[in-house]
Structure formats: structure tokens, C-alpha cells
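Novice: whatever this is, show me its structure:
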Amino acid sequence: MLHAAQQLQLDEKLSALGFNKRDIAAALGSIIGCAVLPGSELYTHDWLQNRTGLGELLDHDYGSTSLPLWN
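Specialist: Down below sits the predicted model:
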């Protein structure tokens, strides 16, 4: 899923819309999390913090990201 997001240049598009690095990581985490394992926002947040290596790939600590992800 991260590869698909990169192919679509989502990070660049979000940056052009004014998203900072933290916001981009939160948005990509939310999008990828819902695509891989749909669930509630709380479930997606838990998945990002405890069950995936996406944070390492994006150089982002999802443990420091509060709910809601876009807050």
C-alpha cells in the first residue's frame, strides 16, 4: 500500500496542499490503515502504533500522534 501511495505521489500532493511532515504521515497512516484493515479510527490508531512498521518506513512515531490523527 505504501508503494501505491508513492506511485500516486500522495505525499507530494498533500505537501502542495500545505500538509507538514507530521500531517502527511498521519494522513498516509489513516489511508493505508483503512485500506489494509478497515476499522474504527481508534482501531486504526492502535494498528499504527502496535502492529505495523509503517512508522519506520515513513520515519514517523505513531506513538506520538494523538487521536484524531488529523488533530
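Novice: thought T65 was touching A26?
Specialist: Yes: between T65 and A26 there is a contact under CB atoms under 8 Å: 5.6 Å. In this view, the C-beta of every residue, glycine as well, is placed from N, C-alpha and C.
Novice: pick out whichever of the two has more residues nearby.
Specialist: Between T65 and A26, A26 has the larger neighbour count (other CB atoms under 10 Å), namely 24 against 21.
Novice: for R22, grab the count of nearby residues.
Specialist: Neighbour number of R22 under other CB under 10 Å is 13.
Novice: where does it fall, secondary structure wise?
Specialist: Counting by DSSP states H and E, the element that carries R22 is helix 21-36.
Novice: from the contact counts, what lies against that helix?
Specialist: On a contact count with 3 or more CB pairs under 8 Å, 6 or more residues apart in numbering; DSSP states H and E, helix 21-36 meets helix 2-7, helix 10-16, helix 41-50, helix 54-58.
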